[in-house]
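Visitor: Provide a 3D model corresponding to the input given below.
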Amino acid sequence: MSMEPNYIPQANPKAAYLSQKEEIDKTVYDILNKGWYILGKQVSTFEQNFANFIGARYAIGVANGTDAVELCLRVLEIGKNDAVFTVSHTAVATISGIERSGATPVLVDIDQDTYTMDPQSLEEAIQEENRKGLLKPSAIVLVHLYGHPADITAIKSIADKYNLRLIEDCAQAHGAQYNGQTVGTFGDMAAFSFYPTKNLGAFGDGGAVITNNRAFAEKAKALREYGWTERYISTYSGINSRLDELQAAILNVRLKMLGDENEKRRKIADKYNAILKSKNDIIFPKEKSNCKHVYHLYVLRMNQRDAFREYMNQNQIGTAVHYPYPIHLQAAYKNRIQLSPGGLPKTEDISKKIVSLPMYPQLDDIEIDRVLDALDKWDYRGN
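Guide: Okay, here's the model as predicted:
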């Protein structure tokens, strides 16, 4: 990445800090001076605030989004000999969380418009596992990728048909909506990440588990802290996955701006869309009519990706690829992870063509205009 002063990065968590610096600094200073650093008032306050924002009954703060996926599965008693269906086109954290629960991930293909789970590929994978009889189809981890909700109606119908638990991976979709309802409230449980570049980002790791089920919430609280239901007494075999007071305090400050910042992301996306409509070689993000996209990432698809990235870099504009290698083709998983019987042709195709533009709400008008100007002047025939 270029370090030139006028370089526009693809993501910029420092800008998020600077936008609320005074309040964040004061909050952090207060926490340090109070001397209570783990599972205190800031965590409980954030849990309530975030649950209210999502429209859920319970939020449980945990150490990161990977742990959140694992804990959802463990709460639902999904583990050894259970098949959990998800996508290969996601952050590896999704699959890591499944494997850490003891369950077996089975990867399915995606829809080419939204890059989220393809219901047909999912149902074929479930039927194949039932036919083989080696694993019990038990759950779906539905990833709302890039800030756009997956096809919840179709996926939930399949989950109900085959009696599978539904877990939403909302790590990239804080505040996204489907039919007017916020994602994270459709399944049995949901997992969120507060990695610094997320729409709601801490300045370190953090995550949350969401549910409307009181028993699930209580069990998740126990499992995140050694399985304790009373101090030093483990009712369950748990883990250590606690959201700390400093990050919770920062998230309480950051949460106040999340709705406004999501709208800023959407306005930036509208400007990108307007320029890109005239570019026949570029496919820009689509928003389904019943969805609200919150643009954690603004992802293009094109055949000339490498040339485009070099062109943008020459213009001091950062880009990234989310994600360059599908998980089933990475060394840790290749030839051992199970796939939908039709394979993952759409996943493999789009991984060679996608590229992410700068997208964060602190982009100013001058920076946005620079990106727009570069997009307008891009000519794939000459690059």
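Visitor: is it true that residue 268 touches residue 293?
Guide: No: Residue 268 lies out of contact with residue 293 (CB atoms under 8 Å); the separation is 11.8 Å. The way it works is simple: take the backbone N, C-alpha and C, and place the C-beta from them, glycine included.
Visitor: what's the first helix or strand after the longest strand belonging to the chain?
Guide: Secondary structure of the chain per DSSP state E: the longest strand is strand 136-143. The helix or strand immediately downstream of strand 136-143 is helix 152-161, counting by DSSP states H and E.
Visitor: give the next helix or strand downstream of that following helix.
Guide: Next element after helix 152-161 (DSSP H and E): strand 165-169.
Visitor: just the strands in the stretch 201-350 of the chain please.
Guide: With DSSP state E, counting those that start in this stretch, the ranges of strands along the stretch 201-350 of the chain come out as 207-211, 228-230, 233-234, 291-292, 298-301, 338-339.
Visitor: what about the closest residue to residue 316 other than its chain neighbours, how many neighbours?
Guide: Closest residue to residue 316 apart from its sequence neighbours, by CB to CB, 6 or more residues apart in numbering: residue 7 at 4.7 Å. For residue 7, the neighbour count with other CB atoms under 10 Å is 13.
Visitor: any idea how far residue 245 is from residue 7?
Guide: Plainly put, residue 7 is 35 Å away from residue 245 if you go by CB to CB, to the nearest Å.
Visitor: quick check: which ranges of the stretch 251-383 of the chain have low pLDDT?
Guide: Where the stretch 251-383 of the chain drops to pLDDT under 70, the residues are 380-383.
Visitor: residue 121 looks like it's in a helix, true?
Guide: Yes: Residue 121: assigned to a helix according to DSSP: H, G, I helix; E, B strand; the rest coil.
Visitor: got a pLDDT number for it?
Guide: Predicted confidence (pLDDT) for residue 121: 98.
Visitor: tell me the contacts of it?
Guide: Residues near residue 121 by CB atoms under 8 Å, 6 or more residues apart in numbering: 108, 109, 110, 340, 342, 344.
Visitor: returning to that earlier point: I'd say the residue nearest to residue 316 and residue 313 touch.
Guide: No: if you go by CB under 8 Å, residue 7 and residue 313 don't touch, sitting 9.0 Å apart.
Visitor: tell me the domain ranges of this structure?
Guide: Using automatic domain parsing, the domains assigned to the chain come out as 16-108+115-255, 258-382.
Visitor: deepest of those, which one?
Guide: Counting by mean count of other CB atoms under 10 Å, domain 16-108+115-255 has the highest mean neighbour count of these, with a mean of 21.
Visitor: for the biggest helix by length in the chain, which helices and strands make contact with it?
Guide: Secondary structure of the chain per DSSP state H: the longest helix is helix 258-276. Under the contact criterion of 3 or more CB pairs under 8 Å, 6 or more residues apart in numbering; DSSP states H and E, helix 258-276 touches strand 298-301, helix 365-377.
Visitor: can you show me the helices along this protein?
Guide: Using DSSP H, helices in the chain cover 13-19, 21-34, 41-54, 65-75, 92-100, 119-132, 152-161, 214-223, 245-255, 258-276, 305-314, 345-350, 365-377.
Visitor: which residues are in contact with the shortest one?
Guide: Right, helix 345-350. With CB under 8 Å, 6+ apart, helix 345-350 has contacts from 87-89, 109-112, 115, 118, 301, 326, 328-329.
Visitor: out of those, which is nearest to residue 65?
Guide: Using CB to CB, residue 87 comes nearest to residue 65 of the contacts of helix 345-350, at 15.4 Å.
Visitor: and that closest one, how far is that from residue 231?
Guide: For residue 87, the distance to residue 231 equals 39 Å [CB to CB].
Visitor: just residue 46 next, same as before
Guide: In terms of CB to CB, residue 46 sits 21 Å off from residue 231.
Visitor: now do residue 239
Guide: Between residue 239 and residue 231 the computed distance is 16 Å (CB to CB).
Visitor: distance between stretch 293-301 and the chain's centre?
Guide: Distance of stretch 293-301 from its chain centroid, counting by CA atoms, centre = their mean, to the nearest Å, is 12 Å.
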